[in-house]
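Chemist: coords below, sequence missing:
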């Protein structure tokens, strides 16, 4: 008894894509192999670089949209903690600079807290 299932369109498309990629790879290999021994490695690297560049270009908009959903890169609260930790030893070594940095840390900490509360309030709306 023969198995007469209907072919899966996704599997058929994948096989066709695989066949085309293999054909193109053979053509590219033929071109690289016709080059002299001294330039084969350079051509190989050049082809790989072009392939990566051409295929990653289509992936770029998706990556950009994914980064837009994340929190901003600059966090005033985290920066305030860092400046505060750096300023504490400086208070002992050079008090004017240490006190100034600590004051900046306090201001940035307040800014960070306010920013955090406003972002949470905007997300809940």
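Modeler: Received it, and whenever you're ready, just let me know what you need. Keep in mind it's a predicted model, so treat the numbers as computed, not measured.

Chemist: hey, let's count contacts and neighbours off CA atoms from now on
Modeler: Will do.

Chemist: Which SSE is immediately downstream of the one helix or strand in the chain whose mean pLDDT sits lowest?
Modeler: Least confident helix or strand of the chain, by mean pLDDT, DSSP states H and E, is helix 60-68 with a mean of 53. Sequence order places helix 76-93 as the next helix or strand after helix 60-68, per DSSP states H and E.

Chemist: Run the chain-centre distance for that following helix.
Modeler: On the basis of CA atoms, centre = their mean, to the nearest Å, helix 76-93 sits 30 Å off its chain's mean C-alpha point.

Chemist: ok, residues contacting that helix?
Modeler: 97-99, 101-102, 104-113 (CA atoms under 8 Å, 6 or more residues apart in numbering).

Chemist: and that helix, average pLDDT?
Modeler: Helix 76-93 carries an average pLDDT of 91.

Chemist: distance of residue 76 from residue 116?
Modeler: Distance of residue 76 to residue 116, computed by CA to CA, to the nearest Å: 9 Å.

Chemist: of those two, who's got more company?
Modeler: Neighbour totals were compared for residue 76 and residue 116, and residue 76 leads with 20 against 15 (other CA atoms under 10 Å).

Chemist: just for the chain, where's the confidence low?
Modeler: Applying pLDDT under 70 to the chain flags the ranges 1-7, 58-72, 125.

Chemist: Apply 50 and report the result again.
Modeler: 67 (pLDDT under 50).

Chemist: Tell me where it has helices.
Modeler: 9-34, 37-57, 60-68, 76-93, 95-124 (DSSP state H).

Chemist: Would you list the phi and psi of residue 35?
Modeler: Dihedral pair for residue 35: phi -70, psi 160, per degrees, to the nearest 10.

Chemist: so how many other residues sit close to it?
Modeler: Quick note: residue 35 (other CA under 10 Å) scores 12 neighbours.

Chemist: Next: residue 23.
Modeler: 12.

Chemist: Report the contact partners of it.
Modeler: By CA under 8 Å, 6+ apart, no residues touch residue 23.

Chemist: how close does it sit to residue 79?
Modeler: 54 Å.

Chemist: Repeat that for residue 96.
Modeler: 20 Å.

Chemist: neighbour count winner among those two?
Modeler: Set residue 96 next to residue 79 and count neighbours by other CA under 10 Å: residue 79 wins out with 15 against 12.
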